[in-house]
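Student: build the 3D model from these lines:
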Amino acid sequence: MSDGFSDSDTVLCANGRLSQSPEEMLVTSAFRSELQAQVCLSEEMNWADMAHVIALVEARVIDKKAGAGLLTALQKLQQNPADFQPDPKFGDLFTNRENWLAQHTDAAGWLCAGRARRESTTVAYHLVIKKNLLDLAAEITAFIRAMMMQVSTHKASVMPDYTYLQSGQPTTFGHYLHSFVFMLMRDLARIESLFERVNCCPAGCGGINGSTLRIDREKLSSLLGFARPVMHTRDAMWQADISIETASVSTSVLVTLDRFCEDVFCFVTEEFNYIELQDSCSRASKVMPQKKNPYALAYIRALANKVIGIQNMVVVSQRTPTGQVDNRLFLYGELPSMLRESIEGIGLLTKVVEGLQFNTSNAANRTRESCAMAAELAEQISVENNLDYRTAHKIVGKIVRKFTHLKKHLFELTELELNEAASDVVGHPVSCSRQILDALDSPDIAIEKKSGLGGTSQDRIDEMIECSKQEINHFKKWTDNEREKIKQAESALSQHVQTLIHQAQ
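Tutor: Have a look, this model is predicted:
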């Protein structure tokens with residue numbers, strides 16, 4: 001077989017267990033795909049490798065001189081030298097790095113002592129996911145802050161709330177927007193909980209079941225800035241739930257944001273005319289001059305679709321016997337990429353929210369002219385006449401049916417028309433105070449009366465705003481603290497490397 005490689009291409013050529021060099025098609029397909037998926041792990045793999053070398057030195061597996069030589073080469077590799085160009089003919093990222101290290105230090109062969117290549121990759125994967133989850137949480141928090149600014153501005157801006165895209169009950173734009181804040185805060189709580197599990201270090205698990213080299217797993221975990229090691233070595237190597245949960249959390253976030261965008265898609269139309277998006281987040285039509293397309297919203301919808309697809313891929317990839325490399329063959333690249341795209345998409349939607357304008361007068365008029373006050377009218381008829389709600393519901397339903405046919409507004413209802421409908425349903429008129437009929441022309445009165453927990457009254461909205469601020473501050477503090485821990489761990493590891501190199505001189 002002609003492999004097309006020179007004698008200097010030694011890392012994957014025929015030696016050891018294998019008697020042949022890799023088939024060219026294996027290189028150009030499987031090896032290339034694997035390498036491309038792992039490129040995003042380069043920086044974190046360097047941290048994983050440096051920590052492993054320190055652990056080998058401290059376990060006296062290698063002497064300080066050999067360790068210092070390997071660490072010095074790893075430092076150079078960390079600077080992305082021009083002569084390091086990962087090539088699939090050398091295999092995956094770890095083997096490419098090993099090949100480069102072999103050209104710069106005689107100690108390169110120690111890098112695999114006490115571990116498989118997938119341990120380095122797995123540790124790097126966890127480190128990348130950790131950082132991306134914190135960035136995701138930070139971007140969600142920034143989006144929530146933008147939403148809260150609009151909530152505060154429009155907590156008294158009347159609009160109809162919708163079910164089945166039909167006016168249901170009167171609400172405020174602020175109360176409507178605030179519902180998404182609570183959805184996203186639950187996602188933040190999920191991210192915080194997931195982070196605790198991702199923050200367990202898989203390093204030191206050996207091939208699968210640990211190593212006879214007595215590598216200190218607790219020390220490795222500390223060097224890499226993890227909270228603790230994964231307890232069981234085999235579990236540490238083959239965790240499937242971390243990837244599934246990460247994809248699931250991201251999907252939950254994007255679906256929530258897509259639901260918001262789906263509503264805004266309607267609200268920006270001429271038919272609704274409740275929201276005006278800034279031009280900078282829109283796109284013009286090349287054919288129809290009048291069009292102002294909400295392209296940013298369309299992008300979020302497409303991104304949500306993509307994330308859902310990747311979640312399915314993540315779950316399906318784990319449906320193998322345990323101990324299978326293909327569980328994460330593509331996830332090394334796909335999952336971090338999905339998180340980064342999600343982070344960017346949320347940042348874009350933050351700009352949309354910051355710049356949107358709400359048409360308060362049009363929304364208020366639409367509320368007044370719709371039948372959004374029908375449920376409130378039925379409630380008051382029920383209370384004033386000691387009628388069960390279903391009966392009151394029938395009375396108001398009869399009125400709405402008649403007014404729809406006559407093209408009349410509900411606020412035009414007279415006491416005579418009310419009693420005619422009541423007589424048809426219950427056989428006699430009902431009492432109805434003038435205050436009830438007048439309120440049909442003032443949806444803000446009904447809005448303010450909803451003063452129960454979570455309701456639309458100003459006091460309740462203010463209460464929820466304060467609650468949200470406290471939650472946001474918690475997640476902001478948590479994100480900042482964990483980012484600082486990562487920064488300190490990387491700094492401490494760099495210092496540890498420098499100290500060991502200095503001691504070996």
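Student: can you show me the helices along the stretch 301-450 of the chain?
Tutor: Along the stretch 301-450 of the chain, counting by DSSP state H, counting those that start in this stretch, helices occupy 331-355, 360-369, 374-385, 389-406, 415-426, 434-439, 443-449.
Student: could you list every residue that touches residue 181?
Tutor: Contact analysis of residue 181 by Cβ atoms under 8 Å, 6 or more residues apart in numbering lists 144, 147, 148, 151, 468. Using the backbone N, CA and C atoms, a C-beta is placed for each residue, glycine as well.
Student: any idea which of the residues you listed has the most stuff around it?
Tutor: residue 144 (26 neighbours; other Cβ atoms under 10 Å).
Student: correct me, but that residue touches residue 186?
Tutor: No - between residue 144 and residue 186 no contact is recorded; they are 11.6 Å apart, counting by Cβ atoms under 8 Å.
Student: and the worst-scoring helix or strand of the chain on mean pLDDT, what does it pack against?
Tutor: Every helix and strand of the chain was ranked by mean pLDDT, DSSP states H and E. The lowest is helix 434-439, at a mean of 83. Here helix 434-439 touches helix 374-385, helix 415-426, going by 3 or more Cβ pairs under 8 Å, 6 or more residues apart in numbering; DSSP states H and E.
Student: nearest to residue 485, of the ones you listed?
Tutor: When those are compared by Cβ to Cβ, helix 374-385 sits nearest residue 485, at 51.1 Å.
Student: just how off-centre is the closest one within its chain?
Tutor: Chain-centre distance of helix 374-385: 43 Å, with Cα atoms, centre = their mean, to the nearest Å.
Student: can you name every helix or strand that that helix contacts?
Tutor: Partner elements for helix 374-385 (3+ Cβ pairs under 8 Å, 6+ apart): strand 166-172, helix 389-406, helix 434-439.
Student: how near is residue 346 to residue 137?
Tutor: Using Cβ to Cβ, to the nearest Å, residue 346 is found at 10 Å from residue 137.
Student: residue 108 touches residue 98, doesn't it?
Tutor: Yes - with contact defined as Cβ under 8 Å, residue 108 and residue 98 form a contacting pair (6.1 Å).
Student: relative to strand 166-172, how tilted is the top helix by length along the chain?
Tutor: Identified as the longest helix of the chain according to DSSP state H is helix 458-504. Angle of helix 458-504 versus strand 166-172, following axes from the mean of the first three to the mean of the last three Cα atoms, to 10 degrees, is 80 degrees.
Student: let's test this: mean pLDDT of helix 458-504, rounded?
Tutor: Averaging pLDDT along helix 458-504 gives 96.
Student: mind giving me the packing neighbours of that helix?
Tutor: Checked by 3+ Cβ pairs under 8 Å, 6+ apart, helix 458-504 has helix 42-58, helix 64-78, helix 117-153, helix 173-198, helix 217-223 packed alongside it.
Student: which residues does residue 352 contact?
Tutor: Residue 352 touches 264, 277, 278, 281, 296, 297, counting by Cβ under 8 Å, 6+ apart.
Student: hmm, 7 Å instead?
Tutor: 277, 281, 296 (Cβ atoms under 7 Å, 6 or more residues apart in numbering).
Student: just give me the closest of those to residue 196.
Tutor: For the contacts of residue 352, the nearest to residue 196 is residue 296 (33.3 Å; Cβ to Cβ).
Student: what helix or strand does that closest one sit in?
Tutor: In the assignment (DSSP states H and E), residue 296 maps to helix 295-317.
Student: from the contact counts, what lies against that helix?
Tutor: helix 241-267, helix 331-355 (3 or more Cβ pairs under 7 Å, 6 or more residues apart in numbering; DSSP states H and E).
Student: need phi/psi at residue 200.
Tutor: phi -100, psi 130 (degrees, to the nearest 10).
Student: nearest spatial neighbour of it, chain-adjacent residues omitted?
Tutor: Closest residue in space to residue 200, ignoring its immediate chain neighbours: residue 230 at 4.6 Å, by Cβ to Cβ, 6 or more residues apart in numbering.
Student: residues contacting that neighbour?
Tutor: 200, 201, 202, 236.
Student: likewise for residue 126?
Tutor: Counted by Cβ under 7 Å, 6+ apart, residue 126 has contacts 198, 202.
Student: how does it look with 8 Å?
Tutor: 198, 201, 202, 226, 242.
Student: could I have the buried ones of those residues as ChimeraX selection syntax?
Tutor: Selection of the buried residues among the contacts of residue 126 in ChimeraX, burial being defined by 16 or more other Cβ atoms under 10 Å:
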select :198,201,202,226,242
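Student: what's the closest of the contacts of residue 126 to residue 342?
Tutor: residue 198 (15.9 Å).
Student: what distance do you get for the closest one to residue 245?
Tutor: For residue 198 relative to residue 245 (Cβ to Cβ), the value is 9 Å.
Student: try residue 126
Tutor: For residue 126, the distance to residue 245 - Cβ to Cβ - is 13 Å.
Student: one more: residue 416?
Tutor: Between residue 416 and residue 245 the distance is 62 Å, computed by Cβ to Cβ.
Student: those two: who's more crowded?
Tutor: Just comparing residue 416 and residue 245: by other Cβ under 10 Å the higher neighbour count belongs to residue 245, 18 against 9.
Student: what residue, apart from its backbone neighbours, is nearest the more buried one spatially?
Tutor: residue 194 (5.3 Å).
Student: quick one: contacts for residue 423?
Tutor: residue 429.
Student: read off the pLDDT value for it.
Tutor: On the pLDDT scale, residue 423 gets 94.
Student: ok, it to residue 387 distance?
Tutor: Taking Cβ to Cβ, one finds residue 423 at 13 Å from residue 387.
Student: nearest to residue 458, of the contacts of residue 352?
Tutor: Nearest member of the contacts of residue 352 to residue 458, counting by Cβ to Cβ, is residue 277, at 27.6 Å.
Student: my read: that closest one touches residue 294, true?
Tutor: Yes - assessed by Cβ under 8 Å, residue 277 is found in contact with residue 294 at 5.5 Å.
Student: got any ranges where the chain has weak pLDDT?
Tutor: 1-15 (pLDDT under 70).
Student: could you chop it up by domain?
Tutor: Domain assignment for the chain, taken from automatic domain parsing, gives 24-114, 373-442.
Student: which of these sits closest to residue 460?
Tutor: Of the domains of the chain, nearest to residue 460 by Cβ to Cβ is domain 373-442, at 16.7 Å.
Student: start to end distance for that closest one?
Tutor: Domain 373-442 has an end-to-end distance of 9 Å (Cα to Cα, to the nearest Å).
Student: mind checking how far it is from the chain centre?
Tutor: 46 Å.
Student: equivalent analysis for stretch 73-85, please.
Tutor: 32 Å.
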